[in-house]
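# how does the following fold in three dimensions:
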Amino acid sequence: MNPVIVVGSFNVDHVWRCTELPAVGATIAGQYATGPGGKGFNQAVAAARAGAPTAFVCALGDDPGGALGRGLAAADGIDLRAEASDQPTGTAGIYVDARGRNSIVIGAGANGTLSAAHVAADPALFAGAGVVLAQLESPVEAIEAALTAGREAGVATLLNPAPANASTSIGLLRLADLISPNETEFAALLVRHVGERMEPDAVAALDGASLHGLCRKLLPHGTVVVTLGSVGVFVSHADEQTRGDAQAYYRIGAESVAASDTTGAGDAFNGALAAALARAPQEPFVAHVRYANRFAALSTERPGAAAAMPRHAEVLERFPG
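I've put the predicted structure just below:
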């Protein structure tokens with residue numbers, strides 16, 4: 001099995017659980033916990049626990065947060081390729097309400113110093129990969145370097161264009177064989193690159209043909225996977241590359257779980273999707289999406305981000321068949 005290479009961020013998460021998300025000017029009581037996070041690390045842990053050999057390329061500070069990242073990567077068997085930074089290791093402040101909804105503030109720190117040179121320093125790493133997965137909590141030059149290295153090595157490139165306010169360009173999207181936005185990120189990409197304005201809440205309500213048409217405008221050459229939270233997932237392929245699927249577009253419904261914390265669910269989906277693609281690239285794409293959907297659903301029954309990622313055997317036991 002060829003490895004998954006994840007390029008992105010590591011954060012130390014500071015999490016407050018409260019009845020309602022705090023309003024402007026409000027002071028409320030909550031329960032505090034801390035642990036590892038960052039979209040890149042979350043996705044790397046998800047890929048590793050989903051059964052893929054995983055390498056994680058990131059930047060860490062010389063501080064307790066950086067030591068935490070190094071220790072946790074080793075504990076999950078992740079091949080850590082960390083660039084040393086003179087900035088503090090990244091942090092995130094997360095509020096989670098009683099319904100599992102969250103609000104997040106990121107302090108980039110070392111994540112903002114990840115260099116393109118470090119990402120591309122070992123071409124052999126990309127040459128032997130199955131999938132390259134990246135997000136947008138790191139400098140765009142570093143992400144472009146990762147996707148370029150994957151493309152030059154003939155490896156499938158998967159871009160999770162998150163968070164929604166991150167900078168993107170047509171050039172960046174052209175380096176991705178697949179993109180995986182949620183509704184908010186999809187709406188932001190439509191405004192930026194297609195000139196279509198849409199409220200995020202309206203995305204899931206679109207009929208399949210209309211949503212497929214927007215996806216084709218956004219990424220004409222590749223596959224778009226729109227994660228729709230409790231509604232499920234929408235998949236749109238280019239007509240000439242349906243990745244073994246019988247249909248160019250379709251929906252998969254959400255799995256029935258007792259969700260208590262949606263923090264990191266999107267990262268769970270992306271890491272598991274990358275692992276499934278690397279494990280069995282010959283299988284129809286729908287099988288990979290269904291697995292990732294189940295993996296992400298199971299993660300919402302547990303608190304935290306990286307710590308909430310299930311293991312491959314747990315997913316198969318919970319969702320047989």
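# in space, what's closest to residue 243 - neighbours in sequence excluded?
residue 285 (3.7 Å; Cβ to Cβ, 6 or more residues apart in numbering). Quick note: C-beta positions are derived from backbone N, CA and C, even for glycine.
# same check, this time on residue 65
residue 89 (3.1 Å).
# and that neighbour, how many residues sit next to it?
27 (other Cβ atoms under 10 Å).
# residue 13 is in contact with that one, correct?
No: taking Cβ atoms under 8 Å as the definition, residue 89 is not a contact partner of residue 13, at 11.4 Å.
# got the phi and psi for the residue lying closest to residue 93 once chain neighbours are set aside?
Nearest non-adjacent residue to residue 93, counting by Cβ to Cβ, 6+ apart: residue 105, 4.5 Å away. Main-chain dihedrals, residue 105, degrees, to the nearest 10: phi -120, psi 130.
# close enough to count as contact, residue 105 and residue 90?
No: shown here, residue 105 and residue 90 do not form a contact pair, counting by Cβ under 8 Å, at 11.6 Å.
# tell me which of those two has more neighbours.
Applying other Cβ under 10 Å to residue 105 and residue 90 shows that residue 90 carries more neighbours, namely 32 against 10.
# show me where the stretch 201-321 of the chain has its helices.
208-218, 265-279, 285-299, 312-318 (DSSP state H, counting those that start in this stretch).
# most packed of those helices?
helix 265-279 (a mean of 29; mean count of other Cβ atoms under 10 Å).
# that one versus helix 285-299: what angle between them?
Helix 265-279 runs at 140 degrees relative to helix 285-299, counting by axes from the mean of the first three to the mean of the last three Cα atoms, to 10 degrees.
# any idea how far residue 205 is from residue 251?
Distance of residue 205 to residue 251, given as Cβ to Cβ, to the nearest Å: 12 Å.
# the two: who's more crowded?
Under the criterion of other Cβ under 10 Å, the comparison of residue 205 against residue 251 puts residue 251 first, with 14 against 11.
# so the more buried one makes contact with residue 226?
No: using Cβ under 8 Å, residue 251 is not in contact with residue 226, being 9.5 Å away.
# spit out the residues that contact those two alike.
233-235 (Cβ atoms under 8 Å, 6 or more residues apart in numbering).
# for those, which one is nearest residue 64?
Set against residue 64, the nearest of these by Cβ to Cβ is residue 233 (37.4 Å).
# which residues are in contact with that closest one?
So residue 233 contacts 225-227, 251-252, 269, 289, 293 (Cβ under 8 Å, 6+ apart).
# quick one: low-confidence ranges for the stretch 51-200 of the chain?
Nowhere does the stretch 51-200 of the chain drop to pLDDT under 70.
# for residue 81, give me its contacts.
If you count contacts by Cβ under 8 Å, 6+ apart, then residue 81 has 55-58, 118, 122, 125 around it.
# can you tell me the SS state at residue 15?
Here residue 15 is recorded as strand under DSSP: H, G, I helix; E, B strand; the rest coil.
# need the helices for the stretch 51-200 of the chain, in chain order.
Counting by DSSP H, counting those that start in this stretch, the helices of the stretch 51-200 of the chain are 64-75, 116-119, 123-127, 140-152, 170-174, 183-189, 200-203.
# can you give me the offset of the first one from its chain's centre?
Which is helix 64-75. 20 Å (Cα atoms, centre = their mean, to the nearest Å).
# check the fifth one too.
Average the C-alpha atoms of helix 170-174, do the same for its chain, and the two points are 18 Å apart (Cα atoms, centre = their mean).
# got a list of contacts for it?
Contact with helix 170-174 is made by 140, 143-144, 147, 159, 161, 179, 189, 193, 218-219, 221, as judged by Cβ under 8 Å, 6+ apart.
# enumerate the positions of it that are buried.
172-173 (16 or more other Cβ atoms under 10 Å).
# could you export that helix as CSV, CA atoms only?
Provided in CSV are the C-alpha atoms of helix 170-174 (Å, rounded to 0.1, in the frame of the first residue of the first chain):
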residue,chain,number,x,y,z
ILE,A,170,-7.4,29.0,-10.4
GLY,A,171,-3.8,27.9,-10.6
LEU,A,172,-4.1,26.2,-7.2
LEU,A,173,-7.3,24.4,-8.1
ARG,A,174,-5.8,23.2,-11.4
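# okay if I get the contacts of residue 233 as a markdown table plus pLDDT?
Output for those, formatted as a markdown table (pLDDT from 0 to 100):
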| residue | pLDDT |
| --- | --- |
| 225 | 98 |
| 226 | 98 |
| 227 | 97 |
| 251 | 98 |
| 252 | 97 |
| 269 | 98 |
| 289 | 98 |
| 293 | 97 |
